[in-house]
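Visitor: what follows is a protein structure lacking sequence information:
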């Protein structure tokens, strides 16, 4: 596995592969890799001649009161895992090369970025859109892989890639879950064992909503109530930031489910913010 | 000369050239081509295997009270000229393909975009940065050519290309001038013959400043006064929006000239807004 730290070198390496007709797939990550990430890596490995994984904790997507400094880091463990998956290139850019002095360009996906998590993390998706634009320009992948757990992120990036004509295919892979249903996330490591057990209520709440849809309930007010009842039954949930049903395209909260829709929520358990979602379609 | 109207087709054509090792040079224009544009085209023709010229009047860079609807258009004349210059591809994208329904992504170069012209044309450089990002992603040029007349634009685009790792070289070519010194611009066609003659005062004002610098004057207050005196001696100038000396990197107004600096101004003659600039270095 080649390790590249300099964006310009990564760019030349990637262009070299393209010039030789080798397709490049990119899995952008912030490290602290879990099985969810590895499922993306395997997909990238399978579908492309060259699999590139980036590990970069992008400071620009963290708010001033957020967990940038304590975000989990495990570079050694990550490298082990990526080698085992037969990754070709690990791209590990340095802050000083990603955001050099004088940096002043930001990419904004309006509207989509202000909803759901965006309302609670102002500037977060501007940071995500900016770093993803940079990574895509540096790596020029044919395909780029994201997890469905960050559903809003995937919608924003699809929009961005279309609007700016970036010419990569965005592949979204299903969320992986712990045995108790908790969606895998690097931030789960913040949870105590007790919190982690209790956090399964998030999944149960989504399941409750999804089963209600299967049973024919399509009124969002009713579904919301069912999911909220489940969530608040667990004392460990200290805040519900949002929990409702949304359009999968516009991310607007909807009133009735007509086609495919998104059940999505964000909660806090102690100081840990967790998100999860589930796609539903009535009559399925 | 191939004419391409569909961004995706342009993208595939350009990638085909790159895959075959042919360098692509891009001259982005809004049409109504004059000798200034053609000097860029000749440079692109000379330095690259494939010369692409785009003609696109980007609606997003015009403010609501600006001249979008009456911006000069002469597609037939433009095509004649480009054929004569042996251009390979004319890219003529359609608004509906550049900004389809739901478009919501904008690129912002902060700070640089708010100064000089930016202060008088809010949102203008966001529009420029967004369309240039799109054109660069569609055409993937090795080199992209701009005229020095739009100096602020070139600084912003250089910043953008660096910040977003776009991997094209920005080539800036000298402004061309009419016999009376007026910088060539498609907007000169708005001027009456009388206004066009009088507009030579813009060049004389910059010359006055530049000669003062040569004679050892480096205090910006003094230079500004000299240039303003010249400008306001001509009654046809209805407004001076700015006229001073700026850092070529940050575009900040400076107090004393120490290295290379930019004399720049924007004025109105009737309803026509004209800009011009000149680079100066003390002791040269």
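Guide: Sure thing, it's come through. As the structure is a computational prediction, the values presented were derived from the model and not from experiment. Residues are numbered from 1 along each chain as shown, chains lettered A, B, ... in the order given.
Visitor: near chain B, which residues of the stretch 101-250 of chain A show up?
Guide: A:102-112, A:129-130, A:133-134, A:137-138, A:159-160, A:163-167 (C-beta under 8 Å from any C-beta of the partner chain). Quick note: C-beta positions are derived from backbone N, CA and C, even for glycine.
Visitor: in chain A, which spans are strands?
Guide: Taking DSSP state E as the criterion, chain A carries its strands at A:2-4, A:24-29, A:50-55, A:89-91, A:105-109, A:143-147, A:169-173, A:237-247, A:261-269, A:272-280.
Visitor: got any ranges where the stretch 51-200 of chain A has weak pLDDT?
Guide: Applying pLDDT under 70 to the stretch 51-200 of chain A picks out no residues at all.
Visitor: what comes up buried for stretch A:91-99?
Guide: A:91-93, A:98-99 (16 or more other C-beta atoms under 10 Å in any protein chain shown).
Visitor: same check on stretch A:251-267?
Guide: Quick answer for stretch A:251-267 (16+ other C-beta under 10 Å): A:251, A:253-254, A:257, A:261-267.
Visitor: so who does residue A:186 touch?
Guide: The contact partners of residue A:186, by C-beta atoms under 8 Å, 6 or more residues apart in numbering or on different chains, come to A:30-34, A:71-72.
Visitor: can you list the domains in chain A?
Guide: Structural domains assigned to chain A are A:2-173, A:186-280, following automatic domain parsing.
Visitor: just the buried ones from the residues of the stretch 101-250 of chain A next to chain B?
Guide: Buried, going by 16+ other C-beta under 10 Å: A:103-109, A:112, A:129-130, A:133-134, A:137-138, A:159-160, A:163-167, out of those.
Visitor: for the buried residues of stretch A:91-99, give me TSV that also has distance to chain B.
Guide: What follows is those, written out as TSV (distance: C-beta to the nearest C-beta, whole Å):
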residue	distance to chain B
A:91	12
A:92	15
A:93	10
A:98	9
A:99	8
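Visitor: which ones among the residues you listed map onto helices?
Guide: residue A:98 (DSSP state H).
Visitor: list the contacts for residue A:233?
Guide: Applying C-beta under 8 Å, 6+ apart, the residues contacting residue A:233 are residue A:201.
Visitor: ok, residue A:30 touching residue A:54?
Guide: No. With contact defined as C-beta atoms under 8 Å, residue A:30 does not reach residue A:54; the gap is 9.1 Å.
Visitor: comparing the two, which residue is more hemmed in?
Guide: Between residue A:30 and residue A:54, residue A:54 has the larger neighbour count (other C-beta atoms under 10 Å in any protein chain shown), namely 22 against 17.
Visitor: run through the bridge partners of the closest residue to that one other than its chain neighbours.
Guide: Residue nearest to residue A:54 in three dimensions, not counting chain neighbours: residue A:91, with 4.2 Å by C-beta to C-beta, 6 or more residues apart in numbering or on different chains. Applying DSSP bridges to residue A:91 yields these beta-bridge partners: residue A:4, residue A:54.
Visitor: quick check: residue A:91 touching residue A:52?
Guide: Yes. Judged on C-beta under 8 Å, residue A:91 makes contact with residue A:52 at a distance of 5.9 Å.
Visitor: if we can go back for a sec, which of the contacts of residue A:186 sits closest to chain B?
Guide: Of all the contacts of residue A:186, residue A:30 has the smallest distance to chain B: 18.5 Å, by C-beta to the nearest C-beta.
Visitor: what about residue A:51, neighbour count?
Guide: Neighbours around residue A:51, by other C-beta under 10 Å: 28.
Visitor: ok, the residue in the stretch 1-150 of chain A that chain B sits nearest to - contacts?
Guide: Residue nearest to chain B within the stretch 1-150 of chain A (C-beta to the nearest C-beta): residue A:105, separated by 3.6 Å. For residue A:105, the contact set (C-beta under 8 Å, 6+ apart) comprises A:130, B:107-110, B:129, B:159-160, B:163-164.
Visitor: as TSV, these with distance to residue A:13 would be great.
Guide: Shown next, in TSV, are those (distance: C-beta to C-beta, whole Å):
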residue	distance to residue A:13
A:130	22
B:107	26
B:108	30
B:109	28
B:110	31
B:129	28
B:159	25
B:160	23
B:163	21
B:164	19
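Visitor: closest to residue B:189 among these?
Guide: residue B:129 (26.3 Å; C-beta to C-beta).
Visitor: shouldn't that closest one be in contact with residue B:153?
Guide: No. Counting by C-beta under 8 Å, residue B:129 does not reach residue B:153; the two are 9.3 Å apart.
Visitor: need the contact list for the residue of the stretch 151-284 of chain A found nearest chain B.
Guide: Going by C-beta to the nearest C-beta, chain B is nearest to residue A:163 of the stretch 151-284 of chain A, at 3.6 Å. By C-beta under 8 Å, 6+ apart, the contact set of residue A:163 is A:109, B:103-105, B:134.
Visitor: residue A:189: which of those residues is nearest?
Guide: Nearest to residue A:189 among these: residue A:109, at 29.2 Å, using C-beta to C-beta.
Visitor: quick one on the thing from earlier: mutual contacts of residue A:91 and residue A:52, please.
Guide: Listed contacts common to residue A:91 and residue A:52 are A:10, A:139; contacts here mean C-beta under 8 Å, 6+ apart.
Visitor: can you pull the contacts of the spatially most central residue of chain A?
Guide: Geometric centre of chain A, nearest residue: residue A:150, 3.3 Å, by C-alpha atoms, centre = their mean. Residues counted as contacts of residue A:150 (C-beta under 8 Å, 6+ apart) are residue A:275.
Visitor: arrange the buried residues of stretch A:251-267 in a markdown table, one row each, with distance to chain B and pLDDT as further columns.
Guide: As requested, the buried residues of stretch A:251-267 are exported to a markdown table (distance: C-beta to the nearest C-beta, whole Å; pLDDT from 0 to 100):
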| residue | distance to chain B | pLDDT |
| --- | --- | --- |
| A:251 | 11 | 97 |
| A:253 | 18 | 97 |
| A:254 | 17 | 98 |
| A:257 | 21 | 97 |
| A:261 | 18 | 98 |
| A:262 | 17 | 98 |
| A:263 | 23 | 98 |
| A:264 | 20 | 98 |
| A:265 | 24 | 98 |
| A:266 | 22 | 98 |
| A:267 | 28 | 98 |
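Visitor: of all those residues, which two lie farthest apart?
Guide: Maximum distance among these (C-beta to C-beta): 21.9 Å, for A:257 and A:267.
Visitor: could you find the closest non-adjacent residue to residue A:5?
Guide: Residue A:5 sits nearest to residue A:92 (C-beta to C-beta, 6+ apart), 5.2 Å away.
Visitor: residues in contact with that neighbour?
Guide: Per C-beta under 8 Å, 6+ apart, neighbours of residue A:92: A:3-5, A:54-56, A:75.
Visitor: cool, thanks, signing off.
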